[in-house]
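J.: show me the folded form of this:
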Amino acid sequence: MKKTAKVLTAAAAAIAALISVQSCLKDTDAYYIYFPNAIVTVKQIPGDTAGCYLQLDDTTTLIADNMRTSPFGNKEVRALASIQETGATVEGYDKVVHVYAIDSILTKNTVQFTSDPEFTETYGNDPVAMINDWMTVVEDGYITLRFRVRTSGPGTIHKVNLVTNTTDDPYLLEFRHKIEGASYPDEIHPANGYPADGLAAFRLDSLPDTNGETVKLTLKWKSFDGQYHTAQFDYCTGKPSPAKMKIESGATFISGIR
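T.: Residues are numbered from 1 along each chain as shown. Next up, the predicted model:
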């Protein structure tokens with residue numbers, strides 16, 4: 001499987017944009033359209049180096065009736081999936097599901113800010129827009145973000161990172177975006193290029209434990225108007241943040257996210 005935020009085919013782009021994806025079932029010659037309805041964490045079964053299960057949120061575990069091993073090897077990754085509950089039960093898991101389609105999301109650690117003058121050169125400060133829909137969520141120790149850039153074509157690389165320790169607030173995270181290989185130098189201007197979306201997930205294990213208290217997790221980014229914008233999530237270590245269900249349509253997902 002290719003990573004959703006890294007190398008998206010046209011079909012994978014469509015599934016992530018809530019349009020459709022075509023997936024060929026092994027036992028038929030027919031093609032079916034599936035829609036993503038979950039973002040999950042693909043994890044190894046403890047004591048079983050081959051087996052995997054899916055973590056839906058901080059408390060709900062899923063076992064698939066048709067996916068014994070992870071298509072992503074032994075890496076723990078976030079993934080966009082189309083799944084359906086079967087009604088069956090398996091001891092040790094909350095639900096049994098059938099997986100119709102699954103594709104991994106670019107999954108990274110956070111980066112700690114430094115005063116090195118080359119920091120911005122390394123991580124960039126190019127503008128993005130954050131999309132407030134169900135794919136942007138804090139759960140299971142990750143923050144998953146759907147974002148929008150301007151791009152000139154498949155040769156352009158968009159490097160994204162989430163930076164900690166930019167202020168005294170340990171729960172303020174700054175999204176950094178760096179464009180490489182643009183076809184023309186003014187690609188970052190909102191009037192140039194075409195809008196395209198990406199998905200990326202960042203591990204939050206570098207943040208201090210909230211010890212059962214709910215705090216404000218602040219996301220900061222530079223937008224196309226040249227200003228910094230913020231959004232806040234209710235964050236408690238080990239608990240999911242309330243989902244935001246505004247559905248965004250009409251976007252095209254891109255390749256070249258690193």
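J.: pLDDT weak spots in the stretch 101-250 of the chain?
T.: Where the stretch 101-250 of the chain drops to pLDDT under 70, the residues are 182-192, 242-250.
J.: all strands in it, in order from the N-terminus.
T.: Using DSSP state E, counting those that start in this stretch, the strands of the stretch 101-250 of the chain run over 106-108, 111-112, 129-130, 137-139, 142-151, 157-164, 172-180, 194-203, 215-222, 228-235.
J.: kindly reformat those as TSV containing mean neighbour count.
T.: Placement of C-beta: from N, CA and C, glycine included. Shown next, in TSV, are the strands of the stretch 101-250 of the chain (neighbours: other Cβ atoms under 10 Å):
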stretch	mean neighbour count
strand 106-108	20
strand 111-112	14
strand 129-130	18
strand 137-139	23
strand 142-151	24
strand 157-164	20
strand 172-180	20
strand 194-203	22
strand 215-222	18
strand 228-235	15
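J.: now these as TSV including distance to A79?
T.: What follows is these, written out as TSV (distance: least, Cβ to Cβ, whole Å):
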stretch	distance to A79
strand 106-108	9
strand 111-112	22
strand 129-130	21
strand 137-139	13
strand 142-151	10
strand 157-164	17
strand 172-180	21
strand 194-203	9
strand 215-222	21
strand 228-235	21
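J.: now stretch 42-60: buried residues?
T.: Residues 42-45, 52-58 are the ones in stretch 42-60 that count as buried (16 or more other Cβ atoms under 10 Å).
J.: quick check: H158 vs R68, distance?
T.: Counting by Cβ to Cβ, to the nearest Å, the gap from H158 to R68 is 35 Å.
J.: sorry, that was for G141
T.: For G141, the distance to R68 - Cβ to Cβ - is 24 Å.
J.: right, so of the strands of the stretch 101-250 of the chain, which gets closest to Q84?
T.: strand 137-139 (20.1 Å; Cβ to Cβ).
J.: how about residues contacting the closest one?
T.: By Cβ atoms under 8 Å, 6 or more residues apart in numbering, the surrounding residues in contact with strand 137-139 are 39, 57-58, 143-144, 204, 217, 233, 235, 240-241, 243-244.
J.: if you set the cut-off to 6 Å instead, what comes out?
T.: For strand 137-139, the surrounding residues in contact (Cβ atoms under 6 Å, 6 or more residues apart in numbering) are 57-58, 144, 233, 235, 240-241, 243.
J.: cool, and stretch 159-171?
T.: Counting by Cβ under 6 Å, 6+ apart, 110-113, 123, 173-178, 200, 202, 206, 208, 215, 217, 258 sit against stretch 159-171.
J.: ok, stretch 44-59 next?
T.: For stretch 44-59, contacts defined as Cβ under 6 Å, 6+ apart pick out 40-43, 61-63, 69-70, 139-140, 238-240.
J.: closest one to R150 out of those, please.
T.: E139 (29.1 Å).
J.: give me the nearest residue to the closest one, chain neighbours excluded.
T.: P240 (3.9 Å; Cβ to Cβ, 6 or more residues apart in numbering).
J.: any idea how far the one you found is from Y142?
T.: P240 is 10 Å from Y142, by Cβ to Cβ.
J.: cool, G87 as well?
T.: Distance from G87 to Y142, by Cβ to Cβ: 28 Å.
J.: A196 too?
T.: Counting by Cβ to Cβ, the separation of A196 from Y142 is 23 Å.
J.: for S70, same thing?
T.: 16 Å.
J.: check S115 too.
T.: Distance from S115 to Y142, by Cβ to Cβ: 28 Å.
J.: tell me the bridge partners for the residue nearest to S70 when sequence neighbours are not counted.
T.: In space, not counting the residues next to it along the chain, S70 is nearest to C52; the distance is 3.9 Å by Cβ to Cβ, 6+ apart. For C52, the beta-bridge partners under DSSP bridges are Q44.
J.: now do the same contact list for T110.
T.: By Cβ under 6 Å, 6+ apart, the contact list for T110 reads 162, 164, 202, 206.
J.: of these, closest to W221?
T.: For the contacts of T110, the nearest to W221 is L162 (9.8 Å; Cβ to Cβ).
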